[in-house]
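A.B. asks: Only the shape, not the letters, is given here:
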Ligand SMILES: Cc1cc2nc3c(=O)[nH]c(=O)nc-3n(C[C@H](O)[C@H](O)[C@H](O)COP(=O)(O)OP(=O)(O)OC[C@H]3O[C@@H](n4cnc5c(N)ncnc54)[C@H](O)[C@@H]3O)c2cc1C
């Protein structure tokens, strides 16, 4: 798998993105005997889900349910996967989609690399680990994370000192310092855009002072702190390693706000904040945990009960808007809150050790100018038909998961299956028409 696709592999469909949506779509199409190419720009498949700690509403371990899907896709005879490869454009005409790819050099020959990590252990250069949201360190040549797929080392050219140690210790001679970026064009009949989401910046609202305090953190940072195999193996405050005694969640910190250009609701923040609060109360039984919210959107199956369980566990829910966060000496944070719960004293100040900002979900990729796929006003892929919700504006191109808008895993998986079914139908109808014609 991975640095190249076999010359006899002619994909019926290309999937943009190897997150959970892309993998599910690929598996469903491949099980229908279609050949599928999954293109992922990161060094591993798995998307955001592989980095989560546990998932609402079941509190299943995220990597325990994501890894089998990753592995199934990687071992499926009808699926090929290109990692470190970005879809840059899609040109469509005469019923064919030409998918333009940029393959980034990994400086490791994946056919030779056996994932032994000897290069990683020998490397002296460390930098902040993006997978651990900057909390841990990673070597300049490393397998991206424990359960990454593929289990191949990738060299970070930005941080590598080209000392040659990795090449000297590699038992299979896999290090190739002279790799160059490669451009490829893949012809296919159908495409599924499963390019997912990103989160907007924690520093977007200067009044929350995330740029001035390491203790105003992103929710993905807390996911990593809560993960059993996370950077510290327990929850510690980033600035000084203190065990937090009081944690605040500030909801709608990057969504439902015209002033930052995200007027829509990101849909999963209420639920992941409740999940994280519950996991925190397990990890830090003595901690005081407060969720500041405008309204709780517990929309899915079993979600209202999940919310009620959190209240019963002693999580504090304060209805109100956090106006400002002031960093205090020593690392604590003073929140200025306008609450609707105390008519006589609506403006309150509360001090917490650690604050988690519910950032807004924004599109992971914008195909609008570089493909026939249009985007809606919110920037996510447009899905104009209510009765075919995975169809885009371009025939033969479908979409799944958060590429089309914020959603949870359950809806992402359901949509990925629907997109695969639509793509299969489209391809079979084309084949039948070709036979008749
Ligand atoms: C903090 C947090 C906690 C959450 N917790 C839960 C939870 O407990 N339960 C739950 O149901 N949901 C949860 N969610 C939501 C969940 O993460 C998403 O529903 C799910 O991950 C969406 O998967 P996806 O495949 O659509 O997108 P992604 O996971 O974003 O995958 C998209 C992939 O596409 C790739 N890509 C993008 N553009 C290109 C391109 N041009 N070329 C190649 N590759 C590309 C990206 O690199 C990425 O790997 C949480 C979200 C957050 C932010």
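C.D. replies: Done, it's in. Computed from a prediction, not measured in an experiment: that's the story for all the values here.

A.B. asks: Any idea how many residues pack against the nearest residue to residue 30 once chain neighbours are set aside?
C.D. replies: Leaving aside its sequence neighbours, residue 30 sits nearest to residue 78 (CB to CB, 6 or more residues apart in numbering; 3.7 Å). (Each C-beta comes from the backbone N, C-alpha and C, glycine too.) The number of residues packed near residue 78 is 18, by other CB atoms under 10 Å.

A.B. asks: Do me a favour and average the pLDDT over stretch 309-319.
C.D. replies: Averaged across stretch 309-319, pLDDT comes to 97.

A.B. asks: burial of residue 295, as a residue count?
C.D. replies: Other residues near residue 295 come to 11 when the count uses other CB under 10 Å.

A.B. asks: Apart from its chain neighbours, what residue comes closest to it?
C.D. replies: Take residue 295 and drop its neighbours on the chain: the residue closest to it by CB to CB, 6+ apart is residue 319, 7.6 Å away.

A.B. asks: Residue 316 now?
C.D. replies: Nearest residue to residue 316, sequence neighbours excluded (CB to CB, 6+ apart): residue 290, at 4.2 Å.

A.B. asks: gap between the one you found and the ligand?
C.D. replies: 18 Å (CB to the nearest ligand atom, to the nearest Å).

A.B. asks: if I pick residue 281, what's in contact with it?
C.D. replies: The neighbourhood of residue 281, defined by CB atoms under 8 Å, 6 or more residues apart in numbering, consists of 287, 289, 313, 314, 315.

A.B. asks: which SS class is the fourth one?
C.D. replies: I take that to be residue 314. Under DSSP: H, G, I helix; E, B strand; the rest coil, residue 314 falls in the coil class.

A.B. asks: which residue packs closest to it, ignoring adjacent ones?
C.D. replies: Counting by CB to CB, 6+ apart, the residue nearest residue 314 is residue 281, at 6.8 Å.

A.B. asks: is it fair to say the residue nearest to residue 316 lies in a helix?
C.D. replies: No: under three-state DSSP, residue 290 sits outside any helix and is assigned strand.

A.B. asks: just use 13 as the starting number from now, easier for me
C.D. replies: Noted, 13 is the first residue going forward, which turns the last one into residue 302.

A.B. asks: what's the spacing between it and residue 317?
C.D. replies: Separation of residue 302 from residue 317 (CB to CB, to the nearest Å): 21 Å.

A.B. asks: wait, does the one helix or strand the residue nearest to residue 326 maps to contact the ligand?
C.D. replies: If you go by DSSP states H and E, residue 293 is part of helix 281-295. Yes: under the criterion of CB under 6 Å from any ligand atom, the ligand is reached by helix 281-295 at 284, 287.

A.B. asks: again, but for stretch 193-211
C.D. replies: Yes: Stretch 193-211 lies within reach of the ligand by CB under 6 Å from any ligand atom, at 206, 207, 208, 209, 211.

A.B. asks: just the helices in the stretch 13-162 of the chain please.
C.D. replies: Assigned by DSSP state H, counting those that start in this stretch, the helices in the stretch 13-162 of the chain fall at 32-43, 74-87, 130-134.

A.B. asks: So residue 321 sits against residue 290, correct?
C.D. replies: Yes: shown here, residue 321 and residue 290 form a contact pair, counting by CB atoms under 8 Å, at 7.4 Å.

A.B. asks: And residue 200, how far from the ligand?
C.D. replies: From residue 200 to the ligand the distance is 14 Å (CB to the nearest ligand atom).

A.B. asks: Does that residue touch residue 111 like I think?
C.D. replies: Yes: if you go by CB under 8 Å, residue 200 and residue 111 touch, sitting 6.2 Å apart.

A.B. asks: Between these two, which contacts overlap?
C.D. replies: residue 26.

A.B. asks: so how many other residues sit close to the residue in the stretch 113-262 of the chain that the ligand sits nearest to?
C.D. replies: Taking CB to the nearest ligand atom, the ligand has its nearest neighbour within the stretch 113-262 of the chain at residue 208, 2.2 Å off. When neighbours are defined as other CB under 10 Å, residue 208 has 24 of them.

A.B. asks: That one: what's it in contact with?
C.D. replies: By CB under 8 Å, 6+ apart, the neighbours of residue 208 are 29, 31, 33, 34, 59, 60, 376, 377, 413, 414, 415.

A.B. asks: can you list those in CSV and add neighbour count and pLDDT?
C.D. replies: Shown next, in CSV, are the contacts of residue 208 (neighbours: other CB atoms under 10 Å; pLDDT from 0 to 100):
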residue, neighbour count, pLDDT
29, 29, 98
31, 29, 98
33, 32, 98
34, 31, 98
59, 27, 98
60, 20, 98
376, 22, 97
377, 24, 97
413, 34, 98
414, 33, 98
415, 31, 98
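
A.B. asks: From those, pick the one nearest residue 242.
C.D. replies: Closest approach to residue 242 among the contacts of residue 208 (CB to CB): residue 60, at 14.9 Å.

A.B. asks: tell me the contacts of the residue nearest in space to the middle of the chain?
C.D. replies: Closest to where the C-alpha atoms of the chain average out (CA atoms, centre = their mean) is residue 60, at 2.3 Å. Residues near residue 60 by CB under 8 Å, 6+ apart: 31, 208, 209, 232.

A.B. asks: how about stretch 74-85 against the ligand, any contact?
C.D. replies: No: judged by CB under 6 Å from any ligand atom, stretch 74-85 makes no contact with the ligand; its nearest approach is 7.0 Å.

A.B. asks: what mean pLDDT does that stretch have?
C.D. replies: Computed over stretch 74-85, the mean pLDDT rounds to 97.

A.B. asks: Contacts for it, please.
C.D. replies: Residues outside stretch 74-85 that contact it (CB under 8 Å, 6+ apart): 30, 32, 35-36, 38-39, 42, 50, 56-58, 61-67, 91, 93, 159, 161, 239, 241.

A.B. asks: and that stretch, which residues are buried?
C.D. replies: Buried residues in stretch 74-85, counting neighbours by 16 or more other CB atoms under 10 Å, are found at 74, 75, 77, 78, 79, 81, 82, 84, 85.

A.B. asks: quick one, what contacts the residue nearest to residue 420 when sequence neighbours are not counted?
C.D. replies: Distance criterion CB to CB, 6+ apart; nearest residue to residue 420, sequence neighbours excluded, is residue 280 at 5.1 Å. Residues in contact with residue 280 (CB under 8 Å, 6+ apart) are 373, 418, 419, 420.

A.B. asks: about what we covered before: could you pull up the contacting residues of the residue nearest to residue 42?
C.D. replies: Residue 90 neighbours (CB under 8 Å, 6+ apart): 41, 42, 43, 45, 46, 47, 48.
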